[in-house]
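Trainee: Mind folding the following:
(4 chains)
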Number of protein chains: 4
Amino acid sequence: MTLKVALLGAGRIGKVHAKAVASTDGVELVAVADAFADAAAAIADKHGARVQSTAAIEDNADVDAVIICTPTDTHADLIEAFARSGKAVFCEKPIDLSVERVKTCLAVVERTGAVLMLGFNRRFDPHFQAVHAAIQKGRIGTVEMVQIVSRDPGPPPADYIKSSGGIFRDMTIHDFDMARYLLGEEIETVLATGSNLVDPQIGTLGDYDSVSVVLMTATGKHCTISNSRRATYGYDQRIEVLGSRGAISAENQRPVSIELATADGFQRPPLHDFFMTRYTEAYAAEIAAFVEAVAAGTEPSPGGDDGLNALLLAEAALKSVHEKRAVPMSEFA
Amino acid sequence: MTLKVALLGAGRIGKVHAKAVASTDGVELVAVADAFADAAAAIADKHGARVQSTAAIEDNADVDAVIICTPTDTHADLIEAFARSGKAVFCEKPIDLSVERVKTCLAVVERTGAVLMLGFNRRFDPHFQAVHAAIQKGRIGTVEMVQIVSRDPGPPPADYIKSSGGIFRDMTIHDFDMARYLLGEEIETVLATGSNLVDPQIGTLGDYDSVSVVLMTATGKHCTISNSRRATYGYDQRIEVLGSRGAISAENQRPVSIELATADGFQRPPLHDFFMTRYTEAYAAEIAAFVEAVAAGTEPSPGGDDGLNALLLAEAALKSVHEKRAVPMSEFA
Amino acid sequence: MTLKVALLGAGRIGKVHAKAVASTDGVELVAVADAFADAAAAIADKHGARVQSTAAIEDNADVDAVIICTPTDTHADLIEAFARSGKAVFCEKPIDLSVERVKTCLAVVERTGAVLMLGFNRRFDPHFQAVHAAIQKGRIGTVEMVQIVSRDPGPPPADYIKSSGGIFRDMTIHDFDMARYLLGEEIETVLATGSNLVDPQIGTLGDYDSVSVVLMTATGKHCTISNSRRATYGYDQRIEVLGSRGAISAENQRPVSIELATADGFQRPPLHDFFMTRYTEAYAAEIAAFVEAVAAGTEPSPGGDDGLNALLLAEAALKSVHEKRAVPMSEFA
Amino acid sequence: MTLKVALLGAGRIGKVHAKAVASTDGVELVAVADAFADAAAAIADKHGARVQSTAAIEDNADVDAVIICTPTDTHADLIEAFARSGKAVFCEKPIDLSVERVKTCLAVVERTGAVLMLGFNRRFDPHFQAVHAAIQKGRIGTVEMVQIVSRDPGPPPADYIKSSGGIFRDMTIHDFDMARYLLGEEIETVLATGSNLVDPQIGTLGDYDSVSVVLMTATGKHCTISNSRRATYGYDQRIEVLGSRGAISAENQRPVSIELATADGFQRPPLHDFFMTRYTEAYAAEIAAFVEAVAAGTEPSPGGDDGLNALLLAEAALKSVHEKRAVPMSEFA
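Mentor: Now for the predicted structure:
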């Protein structure tokens, strides 16, 4: 049996997901919707699907599931609409930048019993997955301290910053999710600092470009997160986990692994410079996981609650910076 | 304009090439031929092509090019047949295990003016390509000494050995081609030793499982090659090149790049255990290069002469082992 | 001209410093004092020095400088005594666990105009020095974010913990000094968390065994510090610094750099398991720096103020954990 | 009991050995001889020894052992003289450049029953020793193929080349000894090539600057050696050993292990640029091993036969280059 999916949003990430669908067994792209008809048609033609409006897809009995890649401010509405029309939903993170809106949306999902998976793609990176698997197998004993370093190659344009919800909701949110995934228990307290070292305009917009965060769980496990909007050497994405019996880490990925040795020393090329090339395998693997879960009738992971929890951690981090104190998550209960 | 290709041979490597075609722009799979109809049908169905006999494909005006993935002993006949029918030909290495047969085949290719590309896939590995590119850019000055280490995870079954032509024609041939690619000039002298350290049955069949080769060019550049049929830690594929101004190397590839640290030390997982996962990107890139060359009307590389030259080096290496002397390539002129 | 030094304290670290003196040009060990006469005699005999009481050394006109390696609670008294007797003083960190006592001691040092160098040995590790030198040369542009990971191979005995002053004053103090050294400006705010994950007895004693700290300077530079009393894989000592133009890091040191590859993967031996073997070169280099500064009549670095500042950061970190807030250093002015 | 040694030769390597003696327990430097009295005095003064003539040292009943660091052409005579006077002898390699002279010298050593250790320092490098130890412990199963890469930072001056005996006797000889040490059985056949790629003057002097060698034992184990007189990135010294159950390797040593990451990529400093800084620990360890063997009355290793065997391999390699054939060691029996 083949799962029939529709793609909502034919932009950059939409193309990536369409390609992932094409290379995955047991799934077929049948419809594409986008405000720009040409963009929708380009993807539809390449993969033998047809262009339809969002409304038509809702009514299309031939569609089992949708992949939502539209702008963030449409996510919650679309999730609700397709939950109500009985389709399984894969949605790019975040559900919404407002905690209240996320909660009302998830209430609809719960009422309708709809299947919802959220696109925290990094959980599907093979290297991070191998770290997680080693933890699960007890290779490092009990998890104690997680270190996450996550830095973009360069700052985004001001327009992006304006609608991003700020660095904690836009960038650190991936690390908040990763921290929860690796720590294996919920965060109890959040400490954070933020400053502007990269681009003064980001500060003018009320946002930070350099943040350090410490998370702590009820049992005393720690996670430190270091984010910067600029790493000249490429997309810096590392995690390491210390446990009672050892440590495990995932190093950075490189487009080519060569080394040049000269009188100046030993030189390797920079890291990937773009999240899409860095996480190519992760994007394909998350779609495969979605397809598998829907086919098997199991609950896909990460789900709506993971989206909400990561967003609440972003809220707490922002509060910690503003109020210069350790913020207990109980304030968000 | 889209290039229309037919696939001859629907086995393991045929599937890899079909997938490469599907992910490459400007090319479409239109026909598949295989002695096993089911195997041909499986690939054809998946990619929207149809099953045809080899003879029918020869006559199919809709086919621009063929990809030959059939058993080695059919390569030369098929190259000749499709060269005569005016199709561009991509053929898995080797053309044939007999130097004489290769020469008569290449004579047909030359007479017909057919386009022929040979599947020395390693030239398209992104890491080895980056090494080659650095050399071309003069980053290490003049090339002086090349070191190639190439080891299989484990020995093949006896049946494979019997029809392989021996380790030099079957395994070292890739390294001979790589040596020519990196040295940038022809080999003048070959020294080789061989022994049986891995599997006594290989020796019984008159073949070696462990060989060391030294190649030298007219200007005194060296290349050493170290081959073994067994490396318990995975598919060991490394090259390094010393030049007058520095050195450049490509390290081994790993499925995941994690590291576990415990009281026993620091441990990384084994290498890839299969050439197809190790060279996934190379297989896709060589098909893209073939498509690009045919589309542009340029001569694809590596071509028939590269196949012949690598085979002659294998002959010389075998002669060197048998006669315990440095064998000049002039003996094969 | 040869500098004549006396060694106060003939224990483990005293032996290390005696050996450093013996291998350094321009300095000679002339006297050794220790409450245990045998320990003093063993070092004195080996290096051609004589055993004397502390009082006798104070009066010994032949002694130019002293190296203080006695227990922590004697440091401040000895510094004052030898400052008054006009000897140059090298003292193991810390001056004292009490901020007040450190201040009165430094007042004496200032009044007497004595030369005082403090044994923050890590500043003299060749790898960390190379990191510092690269920063000074502008290789990474402006420093923005420092990450320090510092973990002991295993927890010390309870008796040690009792008199240690707690993890921030005993262990993190090295990292506070390193942070100041690398950030190049003073810390303005301290955030810290602590928990007990390694040894419950440490918690019973009112101390922590796992701490995470975030430091921030007035210009918004960050430093994160991750400490644990247990790393099964050895003495984990890493620093990395992100700057506006790049990053620089120093990796862990290993007793041997070999790698074993088997079917289980690639394995390297554990790190050093002891701070003395890890920092062998640093101990020798700090004594050489002390000798050089005294000989040249320049002020040695790190000095008394560096000791005080690191201790104040430890106080602030403890306060941050207790009061669950960001602690401004202005509270310690 | 303390071993009393005399140093013959107060040059560069003599100073290194004097320092090694000073840092080793159970040994004391008592006399130094050198044609240049000032050089001898400098070392003698620093370490509390006295200057004596070689003849006087022969007669000095207080001297138990000698360390010979004089020019190569004096080695054999000195070994014989001190063997006859009953001193234990440590001699820098080689015994002599002439096989005949080495044989007559070793005959004297045998007749006198003298203790002789030869300075193949690389056997005492802690990293290479760890490789050897892992092999002995069976960590890689049966040894099959050894790869040695050994390259100097730059070519020596013409005067050095003239009296060096040629690259095989001067440089590769270390690798021949290492091959024997690691293979654990004698070499049966030698294949070699040589060329001039670095410095044409070396060719004018009848020597090579770039050589590749393949050694094979009776049981079919291989060793490849790659030598060049120039590696712009530093002193390149690597070994790796493939066995039936795995492989083990020792990587290059670096003065500092830092890494700079910028938009140009990741850069580490060059390797050591001098054999004395690269092999500092090895020089100290070989003297310690000599002292230990003499004290224990056991035969030190490597001994005279190791020196002879390495020299014979150099002869065979030269013959292989000249006669363009595999040379069996039986020709040197």
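Trainee: who touches residue A:91 in this structure?
Mentor: A:67, A:68, A:75, A:78, A:79, A:116, A:117, A:118, A:119 (C-beta atoms under 8 Å, 6 or more residues apart in numbering or on different chains). In short, each C-beta sits where N, CA and C put it, glycine included.
Trainee: Which strand residues bridge it?
Mentor: Under DSSP bridges, the beta-bridge partners of residue A:91 are residue A:68, residue A:118.
Trainee: Phi, psi for residue A:226 please.
Mentor: phi -120, psi 120 (degrees, to the nearest 10).
Trainee: Thought residue A:172 was touching it, still the case?
Mentor: No - contact criterion C-beta atoms under 8 Å: residue A:226 and residue A:172 do not qualify, at 9.9 Å.
Trainee: Show me whatever sits in contact with both of those two.
Mentor: Shared contacts of residue A:226 and residue A:172, defined by C-beta under 8 Å, 6+ apart, comprise A:150, A:211.
Trainee: Just the pLDDT for residue A:42.
Mentor: Looking at residue A:42, its pLDDT is 87.
Trainee: what about it, neighbour count?
Mentor: 17 (other C-beta atoms under 10 Å in any protein chain shown).
Trainee: Please identify which helix or strand holds it.
Mentor: Assigned by DSSP states H and E, residue A:42 belongs to helix A:37-47.
Trainee: send the alpha carbons of that helix over as CSV?
Mentor: Listed next in CSV are the C-alpha coordinates belonging to helix A:37-47 (Å, rounded to 0.1, in the frame of the first residue of the first chain):
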residue,chain,number,x,y,z
ALA,A,37,1.2,28.5,-9.4
ASP,A,38,4.5,28.2,-11.3
ALA,A,39,6.4,27.0,-8.3
ALA,A,40,3.7,24.4,-7.6
ALA,A,41,3.6,23.3,-11.2
ALA,A,42,7.4,22.9,-11.4
ILE,A,43,7.4,20.4,-8.5
ALA,A,44,4.2,18.7,-9.6
ASP,A,45,5.5,18.1,-13.2
LYS,A,46,8.8,16.7,-12.1
HIS,A,47,7.2,14.2,-9.8
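Trainee: can you tell if the helix or strand hosting residue A:241 touches chain B?
Mentor: Using DSSP H and E, residue A:241 sits in strand A:236-243. No - applying C-beta under 8 Å from any C-beta of the partner chain, one finds strand A:236-243 separated from chain B by no less than 8.9 Å.
Trainee: Show residues contacting that strand.
Mentor: A:122, A:128, A:131, A:135, A:140-151, A:178, A:182, A:247-253, A:271, A:278, C:151, C:226, C:228, C:231, C:247.
Trainee: ok, and for it, which residues are buried?
Mentor: Buried residues in strand A:236-243, counted by 16 or more other C-beta atoms under 10 Å in any protein chain shown: A:236, A:237, A:238, A:239, A:240, A:241, A:242, A:243.
Trainee: What of stretch A:93-112?
Mentor: Buried, per 16+ other C-beta under 10 Å, within stretch A:93-112: A:93, A:94, A:95, A:96, A:97, A:98, A:101, A:102, A:105, A:106, A:108, A:109.
Trainee: Name whatever forms a beta bridge with residue A:261.
Mentor: residue A:266, residue B:247.
Trainee: In this structure it contacts residue B:139, no?
Mentor: No - using C-beta under 8 Å, residue A:261 makes no contact with residue B:139, being 10.1 Å away.
Trainee: Mutual contacts of those two, please.
Mentor: Joint contacts of residue A:261 and residue B:139 (C-beta under 8 Å, 6+ apart) are B:246, B:248.
Trainee: Any chance of the backbone angles for the nearest residue to residue A:303 once chain neighbours are set aside?
Mentor: Spatially, and ignoring its direct neighbours in sequence, residue A:303 is nearest to residue A:116 (5.8 Å; C-beta to C-beta, 6 or more residues apart in numbering or on different chains). Here is the backbone geometry of residue A:116 (degrees, to the nearest 10): phi -130, psi 130.
Trainee: try residue A:31
Mentor: Phi and psi for residue A:31, reported as degrees, to the nearest 10, are phi -150, psi 150.
Trainee: give the contact list for it.
Mentor: Residue A:31 touches A:6, A:7, A:44, A:49, A:50, A:51, A:52, A:56, A:57, A:60, A:63, counting by C-beta under 8 Å, 6+ apart.
Trainee: go with 7 Å
Mentor: A:6, A:49, A:50, A:52, A:57, A:60, A:63 (C-beta atoms under 7 Å, 6 or more residues apart in numbering or on different chains).
Trainee: of the residues you listed, closest to residue D:196?
Mentor: residue A:49 (65.1 Å; C-beta to C-beta).
Trainee: Residues in a beta bridge with the residue nearest to the closest one when sequence neighbours are not counted, which ones?
Mentor: Among residues not flanking residue A:49 along the chain, residue A:29 sits closest, at 4.4 Å (C-beta to C-beta, 6+ apart). Residue A:29 forms beta bridges with residue A:5, as assigned by DSSP bridges.
Trainee: Just give me the neighbour total for the nearest residue to residue A:63 once chain neighbours are set aside.
Mentor: Computed as C-beta to C-beta, 6+ apart, the closest residue to residue A:63 that is not its neighbour in sequence is residue A:6, at 4.7 Å. Neighbours of residue A:6 under the rule other C-beta under 10 Å: 26.
Trainee: contacting residues for residue A:6?
Mentor: Residue A:6 touches A:30, A:31, A:32, A:33, A:57, A:63, A:66, counting by C-beta under 7 Å, 6+ apart.
Trainee: at 6 Å instead, please
Mentor: By C-beta atoms under 6 Å, 6 or more residues apart in numbering or on different chains, the contact set of residue A:6 is A:31, A:57, A:63, A:66.
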